[in-house]
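Colleague: here are the coordinates; sequence isn't available:
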């Protein structure tokens, strides 16, 4: 079955960097959207970044210019490079696989268990 396993979270000071990874298994092919989402305590889950099967990316306004999503199809691994981290980036980060309908990502159908990112001021 499809499995997504995140890693790379941790605690950093504001201005620091982290790189999250999401190792995917249980399926073949790269014709999917992959996304990073986050949820802070007491808040709803929000989308952070998406990468489509053709490589096009999109970002939440709050992370544009600071975060970069990428994927290695050969390794079936998704990444999120996070720079210039702020305390408001503190959250549990999840990766998700989504159906890609002609470049339109359809929302997470499979989710990882999450990795915690904590940014202190």
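Modeller: In hand now; what should we look at? Just so it is clear, the model here is predicted, and its values are computed rather than measured.
Colleague: tell me the centre residue of the chain?
Modeller: In the chain, the centroid-proximal residue (CA atoms, centre = their mean) is residue 36; its distance is 2.2 Å.
Colleague: List the contacts of it.
Modeller: 20, 22, 47-50, 67, 69, 78, 80, 93-96 (CB atoms under 8 Å, 6 or more residues apart in numbering). C-betas here are computed from N, CA, C, even on glycine.
Colleague: Quick check: which element contains it?
Modeller: Secondary structure from DSSP states H and E places residue 36 in strand 32-39.
Colleague: Listing partners with orientation, what would you give for the longest strand seen in the chain?
Modeller: Longest among the strand segments of the chain by residue count, using DSSP state E, is strand 91-101. Strand pairing for strand 91-101, using DSSP bridges, gives strand 32-39 (antiparallel), strand 104-111 (antiparallel), strand 115-120 (antiparallel).
Colleague: and residue 15, which of those is closest to it?
Modeller: Closest approach to residue 15 among these is made by strand 115-120 (8.9 Å; CB to CB).
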